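Student: Would you be able to build a 3D model of this:
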Amino acid sequence: MSGSHIARAALLSASLCLAGSAVLAAPVSPFSAMAGSWSGGGTLTMADGRAERLRCRASYDVGGGSTLSLNLRCASDSYNFNLRSDVEYQGGAIRGSWSESSRNASGTISGQAKGDQILASATGPNFAANLSLVTHGNRQTVSIRSAGTEISGVSVTLSRH
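Tutor: Below is the predicted model:
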């Protein structure tokens, strides 16, 4: 399995975490509830059914209420990666970009906030995934499903500290 595919899956989960903040806060400042440090873990599932435990730490910086920058570090038994993502919220829509420096990977994310759930699509060169994020208080659950790559899914739960 390629480290690049794992990095992309992790990048997408981080981008979703950013997007999920829109459902927690007032419409004027959807990202304010996300500021600070988060950590958690989950499972990275390969197309052949193998799974690896995934551990993550995130730092969210809110700018002006409608933008959010994320720095995310994740590790599995086989891989480490560092993600940066910048996301914007406007009129119920989320959009932004992500990059992972150690593997020179990047892409975009866009979607809609609906109640306590975010539904989005994330893309990059040779990669596309459907994303879902549900936020309850200080806990976020992220689910990513992709087809045609070595990574078939990622499930991560983060808690704010």
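Student: ok, now which ones touch the nearest residue to residue 63 once chain neighbours are set aside?
Tutor: Nearest residue to residue 63, sequence neighbours excluded (C-beta to C-beta, 6 or more residues apart in numbering): residue 69, at 6.8 Å. In this view, the C-beta of every residue, glycine as well, is placed from N, C-alpha and C. For residue 69, the contact set (C-beta atoms under 8 Å, 6 or more residues apart in numbering) comprises 60-61, 63, 84-86.
Student: And residue 75, by the same measure?
Tutor: By C-beta under 8 Å, 6+ apart, the contact list for residue 75 reads 54-56, 81.
Student: quick check, nearest of the residues you listed to residue 146?
Tutor: Using C-beta to C-beta, residue 54 comes nearest to residue 146 of those, at 15.1 Å.
Student: SS state for that closest one?
Tutor: Secondary structure, DSSP: H, G, I helix; E, B strand; the rest coil: residue 54 is strand.
Student: farthest residue from the center of the protein?
Tutor: For the chain, the residue at maximal distance from the C-alpha centroid (C-alpha atoms, centre = their mean) is residue 48, at 22.9 Å.
Student: and that one, backbone torsions?
Tutor: The phi/psi pair for residue 48 (degrees, to the nearest 10) reads phi -90, psi 10.
Student: separation between it and residue 156?
Tutor: From residue 48 across to residue 156, the span is 20 Å (C-beta to C-beta, to the nearest Å).
Student: Stretch 118-138: end-to-end distance?
Tutor: End-to-end distance for stretch 118-138: 16 Å, by C-alpha to C-alpha, to the nearest Å.
Student: quick one: buried residues of it?
Tutor: 118, 120, 122, 124, 127, 129, 131-135 (16 or more other C-beta atoms under 10 Å).
Student: next one: stretch 73-89
Tutor: Going by neighbour count (16+ other C-beta under 10 Å), the buried part of stretch 73-89 is 73-76, 79, 81-89.
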